[in-house]
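In: Sequence and predicted structure below; questions after.
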Amino acid sequence: MLKKLQHRYALSEKGAKDMVKAFCCCVISNLALMFPVGLLYNLVSDIMNEGTLSGRFTFYIIGSILCLLLIAVTTYLQYNATFLATYVESGVRRISLAEKLRKLPLSFFGKKDLSDLTSTIMADCSTMETASSHWIPELIGSLISTVIIAISLFFFDWRMALASLWVLPISVAIVLLSSKVQYNLGKRHMKLKMDCADGIQECLETIRDLKSNNAEKEYLDGLDRKIKAVEKHSIVNELGTAVFVASAQMILKLGIVTTTLVGGILLQNGTLNILTFFMFLLVVSRIYDPMQMSLQNLAAIISTKVQCERMNEILEHPVQSGAMSLCNNGCDITFKNVGFSYDDRETVLSDVSFTAKQGEVTALIGPSGGGKTTVSRLATRFWDITKGKITVGGMDISKIDPETLLSLYSIVFQDVTLFNNTVMENIRIGRKDATDKEVLEAARYAHCDEFVEKLPQRYNTMIGENGSELSGGERQRISIARAFLKNAPIILLDEATASLDVDNETLIQESISKLIKDKTVMIIAHRMRTVAAADKIVVLKDGVVAQQGTPDKLINEDGIYRNMVMLQAESGNWKMN
């Protein structure tokens, strides 16, 4: 049962155990609320039989106090088992999702939008928090306690029990029949919400381009349609649920009618005493009101299936695993007959073979879309290859834990990601235990000094979200400083100097040349001057190695490399007439 609860409601093992505990506490709390009914039954019985309460008055006073104490204690236990335990589990659920996302391959993120993942961690978790604290325990507690009470009613009078309880299974069945309708409506509603969230996020991220192209009105009109679609479907969603819940609640009300009618007939026939009739009226009034709320809870629980599926998609997605220790001999990177595709239809690489040797600079060049960046991501096991083999120092990287493998790499991406923190702390991302002196040394290698000196608080200056206070070249140099600080044996530079001017590019290349001694360096670049001093060039086109060799060798061949060099030389002479 615990496994089923874990899967159905995206719970941890402790969360599933706590939910079972909450069920029990809700049952006890609901049963405790029936003690005053029993006390009232005895009170009416004494009045009818004895005509007075003399001698029993103290009993009812003490009984009332005990009932209050019992209700208070059980309510306290229920509160702790539902609300407090749920808040703890909600934190665990969010952390579990974040931890799982950290271990997932990048192929997973290629299928998901940022707003979708954010919604799963925040909005979906919030929905399940409400479900776990309010809907699920209360529903299960109500059902179990109602079954216990229903069974006990049959011992008093089976005819009255049937007249009172026949509506319960029918009402529950009506709501259960709505599950498929609610699921389909929920999936559609979630898709519209995600489209809307994507539109809002895209609008915020591209506002500069929208304004510069006078496209705000057209874009906002489209966004307005998405918002109205969410609003319209929200009404449809509520209506689809309300039809079933309202119908079930109407059926439930019929129980009071049948209890009164059957009780009246039995009283008239003399086969039922007035006290038992009174007791049944008390009990059904106590059962039906909570059951109306339980039917709403049941519908709400059914609607959480979509949210649970979204969370389980993350929690149950296979992770990349492997040995936690390295066994490489050196840091030569070898691709042997490597093939890769992002999905079954699109082949990105096919039969790629080359070696990037330690102590050398290997440049990956070629037309856009040829597979250069994909090769670098495969070398770091951001994705797993479809066929072939990639080794580092003879070690098969597919058998090594990705985080362990990445300890060998310093990487500078084309798209730099910075944090809303100081320059110092953004560089320290490269190695968290680095001293300030080591951070400053890495910054000097990356020539960060010349722009940091102009900042208000120099290296302690906050640089804004994703470095919004800095230029593209300045952001790139911080990223390069991170790689220098990490000082790993393998360096991957993906268009690392693309945002730099010619002077700074030359300075950075000089700094890199000082750091690559005995290291394996792979550079992805489009500028031929960037790779002119490389020891080896690998030309990729249409997912295959079209050429490879030294720059001098390839420049003398009639091929892609020579053509790219000539084209860039011609473009360098271009001028406006």
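Out: It's in.
In: could you give me the average pLDDT of the host helix or strand of Ile151?
Out: Ile151 belongs to helix 136-156 when elements are defined using DSSP states H and E. Mean per-residue pLDDT for helix 136-156: 82.
In: cool, and stretch 546-564?
Out: Mean predicted confidence for stretch 546-564 is 81.
In: ditto for stretch 455-466
Out: For stretch 455-466, mean pLDDT rounds to 80.
In: If you count neighbours, what's buried in it?
Out: Buried residues in stretch 455-466, defined by neighbour count with 16 or more other C-beta atoms under 10 Å: Leu455, Tyr459, Thr461, Met462, Ile463. The way it works is simple: take the backbone N, C-alpha and C, and place the C-beta from them, glycine included.
In: how many neighbours does the nearest residue to Thr118 once chain neighbours are set aside have?
Out: Spatially, and ignoring its direct neighbours in sequence, Thr118 is nearest to Ala197 (8.0 Å; C-beta to C-beta, 6 or more residues apart in numbering). Other residues lying near Ala197 total 19 when counted by other C-beta atoms under 10 Å.
In: who are the neighbours in contact with Ala197?
Out: Applying C-beta atoms under 8 Å, 6 or more residues apart in numbering to Ala197 gives the contacts Ser115, Asp116, Thr118, Ser119.
In: Contacts only, for the last one.
Out: What that stands for is Ser119. Lys193, Met194, Ala197 are the contacts of Ser119 under C-beta under 8 Å, 6+ apart.
In: does Leu153 really touch Thr276, like I thought?
Out: No: using C-beta atoms under 8 Å, Leu153 is not in contact with Thr276; the gap is 10.2 Å.
In: Compare the two (neighbour count), which wins?
Out: Shown here are Leu153 and Thr276; by other C-beta under 10 Å, Leu153 has more neighbours (20 against 16).
In: Find residues that contact each of Leu153 and Thr276.
Out: Joint contacts of Leu153 and Thr276 (C-beta under 8 Å, 6+ apart) are Met160.
In: Distance check, Asp518 against Val361.
Out: Separation of Asp518 from Val361 (C-beta to C-beta, to the nearest Å): 12 Å.
In: So for these two, which sits in the more crowded spot?
Out: Val361 (22 against 9).
In: got a list of what Asp113 touches?
Out: By C-beta under 8 Å, 6+ apart, the neighbours of Asp113 are Met194, Asp198, Gln201.
In: most surrounded residue in those residues?
Out: That'd be Met194 among the contacts of Asp113, by other C-beta under 10 Å, with 19 neighbours.
In: Which strand or helix spans that residue?
Out: Per DSSP H and E: helix 179-205 holds Met194.
In: Next secondary structure after that helix?
Out: helix 207-212.
In: Show me what the following helix or strand past that next one is packed against.
Out: As assigned by DSSP H and E, the chain's next helix or strand after helix 207-212 is helix 216-269. Helices and strands touching helix 216-269, by 3 or more C-beta pairs under 8 Å, 6 or more residues apart in numbering; DSSP states H and E, are helix 158-165, helix 167-176, helix 179-205, helix 207-212, helix 274-303.
In: so which of these gets nearest Ile390?
Out: helix 179-205 (33.9 Å; C-beta to C-beta).
In: rewinding a little: got the buried residues for the helix holding Ile151?
Out: 136-146, 149, 153.
In: Taking helix 167-176 as reference, get the angle to that helix.
Out: Counting by axes from the mean of the first three to the mean of the last three C-alpha atoms, to 10 degrees, helix 136-156 points 150 degrees away from the direction of helix 167-176.
In: contacts for helix 136-156?
Out: Outside helix 136-156, the residues that reach it (C-beta under 8 Å, 6+ apart) are 9, 19, 22-23, 25-27, 29-31, 34, 78, 81-82, 160-161, 164-165, 168, 172, 276, 279-280, 283, 287, 290-291, 293-294, 297-298, 301.
In: Could you turn the buried ones of the residues you listed into a PyMOL selection?
Out: Buried residues within those, by 16+ other C-beta under 10 Å, are selected in PyMOL with:
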select buried, resi 9+19+22+23+25+26+27+29+30+31+34+78+81+82+160+161+164+165+168+172+276+279+280+283+287+290+291+294+297+298+301
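In: okay, now Arg102: neighbour count?
Out: 10.
In: And for Ser132?
Out: There are 26 residues near Ser132, going by other C-beta under 10 Å.
In: Tell me which stretches of the stretch 301-450 of the chain form helices.
Out: Per DSSP state H, counting those that start in this stretch, the stretch 301-450 of the chain carries helices over the ranges 305-315, 372-379, 402-406, 423-428, 436-445, 449-452.
In: got the angle for the helix or strand hosting Val538 vs helix 372-379?
Out: In this assignment (DSSP H and E), Val538 forms part of strand 536-541. Computed with the same axes, to 10 degrees, the direction of strand 536-541 lies at 110 degrees from that of helix 372-379.
In: other SSEs contacting strand 536-541?
Out: With 3+ C-beta pairs under 8 Å, 6+ apart as the test, strand 536-541 has strand 347-356, strand 361-365, strand 544-549, helix 551-555, helix 560-572 packed against it.
In: Who does it pair with, and is each partner parallel or antiparallel?
Out: strand 361-365 (parallel), strand 544-549 (antiparallel) (DSSP bridges).
In: Can you lay out those as a markdown table showing distance to Phe335?
Out: What follows is those, written out as a markdown table (distance: least, C-beta to C-beta, whole Å):
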| stretch | distance to Phe335 |
| --- | --- |
| strand 361-365 | 11 |
| strand 544-549 | 9 |
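In: Buried deepest among those strands, which one?
Out: Mean neighbour count (mean count of other C-beta atoms under 10 Å) peaks for strand 361-365 among these, with a mean of 25.
In: Residues in contact with that one: which ones?
Out: Outside strand 361-365, the residues within contact range by C-beta under 8 Å, 6+ apart are 333, 354, 356, 372, 375-376, 516, 520-526, 528, 530-531, 533-540, 561, 564.
In: avg pLDDT for that strand?
Out: Per-residue scores along strand 361-365 average to 86.
In: now the angle between strand 347-356 and that strand, please.
Out: 160 degrees.
In: Return the distance of strand 361-365 from the chain's centre.
Out: 37 Å (C-alpha atoms, centre = their mean, to the nearest Å).
In: Could you do stretch 66-74 as well?
Out: Per C-alpha atoms, centre = their mean, the centroid offset for stretch 66-74 relative to its chain is 41 Å.
In: in that stretch, what's buried?
Out: The neighbour-count check on stretch 66-74 (16+ other C-beta under 10 Å) flags Cys67, Leu70, Thr74 as buried.
In: neighbours around Asp415, how many?
Out: 10.
In: actually Pro318, not the one I wrote
Out: 9.
In: just the one 5 residues further on next, same as before
Out: When counting by other C-beta under 10 Å, one arrives at 13 neighbours for Ala323.
In: can you pull the contacts of Asp518?
Out: Gln358, Gly359, Pro489.
In: From Asp332, how far off is the closest residue to the second one other than its chain neighbours?
Out: Same thing as Gly359. Leaving aside its chain neighbours, Gly359 sits nearest to Asp518 (5.4 Å; criterion: C-beta to C-beta, 6+ apart). Computed as C-beta to C-beta, the Asp518 to Asp332 distance reads 12 Å.
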